[in-house]
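everything below, folded, please.
(2 chains)
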Amino acid sequence: MPRSRRSRSSSASRADPPGAIVAAPLARVRYMLRTLIEELPGKLGEQVTVRGWVNALRDQKRVQFVIVRDETGMAQAVLGKDEQPSELNEAISALTAESAVTLTGTVVGDERVKLGGLELKIDSLLVDSLAEPELPIAEDSALDKRMDWRYLDLRRPDRRLIFEVQTRIEQAMREFWRAEGFIELHSPKLMGSASESGAELFHVDYFDRDAYLAQSPQFYKQMAMSAGFGKVFEIGPVFRANPSFTSRHDTEFTSVDMELSWIDSHEDVMAVEERWLAHVLGAVAESHGEAIRETFGTEVIVPTVPFPRVTLAEAKEMLSAAGHDVPDAGHDLDPPSERALSALIAERHGHEFCFVTDYPAAVRAFYHMRHEDDPALTKSFDLLWRGIELTTGAQREHRYERLVAQASERGVEVDSIQYYLDFFRYGAPPHGGFGFGLTRLLMMMLAQENVREVTFLYRGPHRLTP
RNA sequence: GGGGGCGUAGCUCAGCAGGUUAGAGCGCUGCCCUGUCACGGCAGAGGUCGCGGGUUCGAGUCCCGUCGCUCCCGCCA
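You can find the predicted model right below:
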């Protein structure tokens, strides 16, 4: 929980806030009089105004309790009731769970109160918005129903923690990039042609012609290499028209992409990625590790560097030797194999991460660079964490003729991507990079079973609302 | 796209060798309860059992179709 919020009690409200527009007499800006619930322990004896939602109402013969919840916690508010209930008593009796209310009262310590040992003696109540009496979802409702009523679902404190962690993750990523001289890109999401396979593209009408939603910033971050940017990153939406029905796919998700110039091999890319992730997990462990343990019952373990590395061929040998069924040569690992490999690496190396390298050219994108001594293999890698694929990366082919040859060989329509191929005609540095699934990282970090849990508003083959 | 599972009250579920008026917990409504804190007590409302068709004297229960949801595989991040 953040502790740095400034108190906004009434005692501080008389002075004009910094930067307020004081010249407009009819629209005088003033501080909100709101006190956050996490601030109440420091306000004993003071009259404060708390604004939030009715978490529970216990309306008894002689005393009424309102449990009020805001984004920082919950507190009990109390009001005595005489033989003849007051107007205020009647107003409290008329409250419903999840109504939005403004409660003003005096903060009083009371050992009897299990919720923080204090309560608010109610002086006044403003019902900002009365909730309808029966809510469409409960805590134990099915995921799909919770998605229908996502804003109610998200009111729960553990859901909020997901997005506080996500915010910290992105902040830590940028800390790293900024310290290492990366430039941030915002590449277009509307494209005139496919950037990779084409099969998974969403088509949109674009005036009098066709356009597509970007399924990756791949081509544009490579263009930035030819532009001499050196090191770039982007955090942004990507769109995939896959009819995928699993717990870890969606049709729109947040992709984290990096690309680096002047590398010697894909090894340089992995070396940056593992340091970057160690920084991110370290930051999250420090700021939210305890809350994650308490709320989700899982530990954020800061990885040591370097991460274990195995080639795809070695991985299959390891799995076979351990008695697992493994896909044939020439194929990628299937999800059960990925989980088994992560388990083996954890057991033998005590590490949650694993780079799998040297994928066959046949299962990788045409722009992946081939090994000089074995052109059937690419200078590529996947990164597994706790059994799930977080990343695909590679050194890219930056030599024009070879790139064109590889595209043709793979049946890519060269004409439609000529603009991309042109990036490599006027001096392109050796480069590589990777794409990284932010929602997958969050899902595994918080021990959630579905990306929908960690996506603000999920988009899938059958869901376009809310 | 292939395979498995599931659709019964606002929510979570039970019911099924097919047999009168379909149940529970939570929630909701009303009454009662001097401090609750998963408050407690009493009473009550609420369901054409996803939809359509079939078998049968009789279908929530069996069969077929259909729609929706879900998980796994494929695809990938």
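
just the strands from the stretch 151-300 of chain A, written as ranges.
For the stretch 151-300 of chain A, the strands defined by DSSP state E, counting those that start in this stretch occupy A:183-184, A:190-191, A:203-206, A:209-213, A:231-239, A:252-261.

nearest to RNA strand B, out of those strands?
Ranking the strands of the stretch 151-300 of chain A by proximity to RNA strand B (C-beta to the nearest atom of the strand) places strand A:252-261 first, at 4.2 Å. Bear in mind the C-beta positions are built from the backbone N, C-alpha and C, glycine included.

burial measure for the nearest residue to A:Q215 once chain neighbours are set aside, as a count.
Nearest residue to A:Q215 in three dimensions, chain neighbours excluded: A:R240, at 5.1 Å (C-beta to C-beta, 6 or more residues apart in numbering). Counted with other C-beta atoms under 10 Å, the neighbours of A:R240 add up to 20.

interface residues of the stretch 201-350 of chain A facing RNA strand B?
The stretch 201-350 of chain A comes close to RNA strand B at residues A:216, A:240, A:242-251, A:253, A:255, A:327, A:331-332, A:334-336, A:338, as judged by C-beta under 7 Å from any atom of the strand.

hmm, 6 Å instead?
When proximity is defined as C-beta under 6 Å from any atom of the strand, the stretch 201-350 of chain A approaches RNA strand B at A:240, A:242-247, A:249-250, A:253, A:332, A:334-336.

one more: the stretch 351-466 of chain A?
A:389-392, A:435, A:437, A:439-440, A:450, A:462.

restricted to strands, list these.
Counting by DSSP state E, those place A:389-392, A:435, A:437 in strands.

I'd like to know which of those residues are buried.
Applying 16 or more other C-beta atoms under 10 Å to those, the neighbour count classes A:389-392, A:435, A:437 as buried.

wait, which of those residues is closest to A:T304?
Proximity of those to A:T304 (C-beta to C-beta) peaks at A:L390, which lies at 17.0 Å.

which ones are touching the closest one?
A:383-384, A:436-437, A:440-441, A:444 (C-beta atoms under 8 Å, 6 or more residues apart in numbering).

go on, A:F436?
A:255-258, A:273, A:383, A:390-391.

number of nearby residues for the residue nearest to it when sequence neighbours are not counted?
Once flanking residues are discounted, A:F436 sits nearest to A:V256: 4.1 Å by C-beta to C-beta, 6+ apart. Other residues near A:V256 come to 21 when the count uses other C-beta under 10 Å.

before we move on, what about A:D415?
8.

okay if I get the contacts of A:L390 as TSV plus pLDDT and distance to A:D140?
What follows is those, written out as TSV (pLDDT from 0 to 100; distance: C-beta to C-beta, whole Å):
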residue	pLDDT	distance to A:D140
A:L383	96	35
A:L384	94	32
A:F436	95	33
A:G437	92	28
A:R440	92	25
A:L441	95	27
A:M444	93	23
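
are any of those residues buried, and which?
Applying a neighbour-count criterion of 16+ other C-beta under 10 Å, the buried members of these are A:383-384, A:436-437, A:440-441, A:444.

pick the one among the residues you listed closest to RNA strand B.
Nearest member of the buried ones among the contacts of A:L390 to RNA strand B, counting by C-beta to the nearest atom of the strand, is A:G437, at 3.0 Å.

any idea what the closest one is bridged to?
A:S255 (DSSP bridges).

residue contacts, it?
Applying C-beta under 8 Å, 6+ apart, the residues contacting A:G437 are A:253, A:255-256, A:389-391.

kindly report the same for A:P133.
Contacts of A:P133 (C-beta under 8 Å, 6+ apart): A:96-97.

I figured A:L457 hits A:P466, correct?
Yes. Counting by C-beta atoms under 8 Å, A:L457 touches A:P466, with 6.5 Å between them.

anything in contact with each of these two?
A:R150.

these two: who's more crowded?
Each of A:L457 and A:P466 has its neighbours counted (other C-beta under 10 Å); A:L457 has more, 14 against 10.

what's the pLDDT at the closest residue to A:P466 other than its chain neighbours?
Distances taken as C-beta to C-beta, 6+ apart put A:R150 closest to A:P466, at 6.0 Å, once the chain neighbours are dropped. With respect to pLDDT, A:R150 scores 94.

pull the number of nearby residues for the residue in the stretch 1-150 of chain A that RNA strand B sits nearest to.
Proximity of the stretch 1-150 of chain A to RNA strand B (C-beta to the nearest atom of the strand) peaks at A:R62, 3.0 Å away. For A:R62, the neighbour count with other C-beta under 10 Å is 8.

just list the residues touching the closest residue to it other than its chain neighbours, thanks.
Ranked by C-beta to C-beta, 6+ apart and with sequence neighbours excluded, the top spatial neighbour of A:R62 is A:K81, at 5.5 Å. Each residue near A:K81 by C-beta under 8 Å, 6+ apart is listed here: A:60-64, A:89.

which among these end up buried?
A:64, A:89.

now, the contacts of A:K81 that are in helices?
Counting by DSSP state H, the contacts of A:K81 place A:N89 in helices.

present the contacts of A:K81 as TSV; the columns should include pLDDT.
What follows is these, written out as TSV (pLDDT from 0 to 100):
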residue	pLDDT
A:Q60	91
A:K61	88
A:R62	90
A:V63	93
A:Q64	94
A:N89	92
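
want to try TSV for the contacts of A:K81, with distance to A:L190 as columns?
Below are the contacts of A:K81 laid out as TSV (distance: C-beta to C-beta, whole Å):
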residue	distance to A:L190
A:Q60	60
A:K61	64
A:R62	65
A:V63	61
A:Q64	56
A:N89	59
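
what's the closest of the contacts of A:K81 to A:M369?
Nearest to A:M369 among the contacts of A:K81, with distances taken as C-beta to C-beta, is A:Q64, at 70.8 Å.

report the beta-bridge partners for that closest one.
A:D59, A:L79.

quick one: contacts for it?
For A:Q64, the contacting residues are A:57-58, A:78-81, A:89, A:92-93, by C-beta under 8 Å, 6+ apart.

can you check A:W385 too?
Per C-beta under 8 Å, 6+ apart, neighbours of A:W385: A:342, A:352-353, A:441, A:444.
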